[in-house]
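Asks: Kindly generate the corresponding structure for this input.
(chains A and B)
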There are 2 protein chains.
Amino acid sequence: MPAAAFRPAGASDWPLIWPFWRQVVAAGDTYCYDPAMGYEAGQQLWFGSAPDQVWLVSEGSPEPAVALGSYRLGPNKPGPGAHIGSASYMVSEAARGRGVGRAMVLHSLEQARAAGYRGLQFNAVAASNVYAVKLYLDLGFTVIGTVPGGFCHPEQGFVDLLIMFHEL
Amino acid sequence: MPAAAFRPAGASDWPLIWPFWRQVVAAGDTYCYDPAMGYEAGQQLWFGSAPDQVWLVSEGSPEPAVALGSYRLGPNKPGPGAHIGSASYMVSEAARGRGVGRAMVLHSLEQARAAGYRGLQFNAVAASNVYAVKLYLDLGFTVIGTVPGGFCHPEQGFVDLLIMFHEL
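Replies: This next block holds a predicted model:
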């Protein structure tokens, strides 16, 4: 992914992210988000509040660049759970198969380490999302829990929801 | 717990709940909530939004009654995860040891069934909260995952965080 660059994103970058973000969420086959979520609710969810951070992966300069993906990183829980991070990743459909997801996970692990998190947790990985599961396992995550039938896939019906974890 | 009664609670009941709720949260030894959370943020968190439901356990009539506890029940995740419920329980310190927690968990299992949830999931049970863990196991929950060191206990330091589940 030599031509792509990571940069921190702010709410004003939402117009770049929303088109592919919306597509992923509307499909309803990977994320436990409301598939009908609108522009502003999505923006609020993605950017969250401090100390959450959002990154944009894009290529092409000068800007406006073409967005390839975006991820968010923040505490998985507040208070006594805030030392464990959680992250979510979205890849533009047009950029699939180029290693954008892998690059984002690796980047997020570094950012999570730098931010002082002691672990990175995914709360809801649909077992049917075999590409993501394989990628996370490849990058050192382990399955620490399974919610039986926790995900309602639009074609496959109820599939397991995996909880995955990477110590930092 | 013969003299106690369950009734649905609304935001206007927050003054009854807040005193013991705040005490539990401020202690920081059971819930992954911000221990410094204020009155309004707590109210917003506890009552959430539709289809979340909040129940109040109280004794004494006519009202004003003495609140013994309160619990909330709602979807654990939106969208494709919304068929699994999650619940949180708060018992007033003055009412401990009277079975209020057990009664609330049993009540919430019935309510979750009635609402059509296919399972009830707890995302973050501190392993140090031995009373709660034992109660949940007694009532048919199983540990489906463990986040190593996922909870920062004010005296015990990092303890495991358990993910528990009850099929409905």
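Asks: other SSEs contacting the worst-scoring helix or strand of chain A on mean pLDDT?
Replies: Least confident helix or strand, chain A: strand A:4-9 with a mean of 92, by mean pLDDT, DSSP states H and E. Under the contact criterion of 3 or more Cβ pairs under 8 Å, 6 or more residues apart in numbering or on different chains; DSSP states H and E, strand A:4-9 touches strand A:53-59, helix A:100-114. Where C-beta positions appear, they are placed from N, C-alpha and C, glycine not excepted.
Asks: Rebuild these as JSON lines, extending it with distance to residue A:91, mean pLDDT and mean neighbour count.
Replies: As requested, those are exported to JSON lines (distance: least, Cβ to Cβ, whole Å; pLDDT from 0 to 100; neighbours: other Cβ atoms under 10 Å in any protein chain shown):
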{"stretch": "strand A:53-59", "distance to residue A:91": "8", "mean pLDDT": "96", "mean neighbour count": "21"}
{"stretch": "helix A:100-114", "distance to residue A:91": "5", "mean pLDDT": "98", "mean neighbour count": "18"}
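Asks: out of the ones you listed, which comes closest to chain B?
Replies: Closest to chain B of the helices and strands packed on strand A:4-9 is helix A:100-114 (Cβ to the nearest Cβ; 14.4 Å).
Asks: Close to chain B: what parts of chain A are there?
Replies: A:25, A:28-29, A:31-35, A:77-84, A:118-119, A:121, A:123-124, A:126, A:144-154, A:158, A:161, A:163, A:165, A:167 (Cβ under 8 Å from any Cβ of the partner chain).
Asks: among the residues you listed, which ones are buried?
Replies: Taking 16 or more other Cβ atoms under 10 Å in any protein chain shown as the criterion, what is buried in those is A:25, A:28-29, A:31-35, A:77-84, A:118-119, A:121, A:123-124, A:126, A:144-147, A:149-153, A:161, A:163, A:165.
Asks: so which helix or strand takes in the residue of chain A found nearest chain B?
Replies: Among the residues of chain A, residue A:145 lies nearest to chain B; the distance is 1.8 Å by Cβ to the nearest Cβ. Here residue A:145, judged by DSSP states H and E, is contained in strand A:142-153.
Asks: Which residue is the nearest non-sequential neighbour of residue A:106?
Replies: residue A:139 (6.7 Å; Cβ to Cβ, 6 or more residues apart in numbering or on different chains).
Asks: so who does residue A:47 touch?
Replies: Counting by Cβ atoms under 8 Å, 6 or more residues apart in numbering or on different chains, residue A:47 makes contact with A:10-11, A:14, A:54, A:72.
Asks: in chain A, which segments are predicted with low confidence?
Replies: Within chain A, the ranges that satisfy pLDDT under 70 run A:1-3, A:62-64.
Asks: Name the residues that touch the helix or strand just after the least confident helix or strand of chain A?
Replies: Sequence order places helix A:14-27 as the next helix or strand after strand A:4-9, per DSSP H and E. Here helix A:14-27 makes contact (Cβ under 8 Å, 6+ apart) with A:9, A:30-31, A:33-37, A:39, A:42-43, A:46-47, A:56, A:58, A:64-65, A:67, A:69-70, A:90-94, A:154, B:79.
Asks: Which ones among the residues you listed lie within helices?
Replies: Counting by DSSP state H, the members of the contacts of helix A:14-27 that fall within helices are A:39, A:42-43, A:46-47.
Asks: returning to that earlier point: now do the strand holding residue A:145: everything it contacts.
Replies: A:29, A:32, A:121, A:124, A:126-128, A:137, A:158-166, B:80-84, B:118-119, B:121, B:144-148, B:163, B:165, B:167.
Asks: how about a cut-off of 7 Å?
Replies: A:29, A:126, A:128, A:158-165, B:80-81, B:83-84, B:118, B:121, B:144-147, B:163, B:165 (Cβ atoms under 7 Å, 6 or more residues apart in numbering or on different chains).
Asks: immediately after it, which helix or strand?
Replies: Heading C-terminal from strand A:142-153, the first helix or strand you meet, by DSSP H and E, is strand A:157-167.
Asks: Can I get that next one in PDB, CA atoms only?
Replies: C-alpha atoms of strand A:157-167 as PDB (Å, rounded to 0.1, in the frame of the first residue of the first chain):
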ATOM      1  CA  GLY A 157     -29.400 -15.800   9.700                       C
ATOM      2  CA  PHE A 158     -28.000 -16.100  13.200                       C
ATOM      3  CA  VAL A 159     -24.300 -16.600  13.300                       C
ATOM      4  CA  ASP A 160     -21.900 -16.400  16.200                       C
ATOM      5  CA  LEU A 161     -20.400 -13.100  17.400                       C
ATOM      6  CA  LEU A 162     -16.800 -13.300  18.400                       C
ATOM      7  CA  ILE A 163     -15.000 -11.200  21.000                       C
ATOM      8  CA  MET A 164     -11.400 -10.800  20.100                       C
ATOM      9  CA  PHE A 165      -8.400  -9.400  22.100                       C
ATOM     10  CA  HIS A 166      -4.800  -8.400  21.600                       C
ATOM     11  CA  GLU A 167      -2.600  -7.700  24.600                       C
END
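Asks: Many thanks, I have nothing further to ask.
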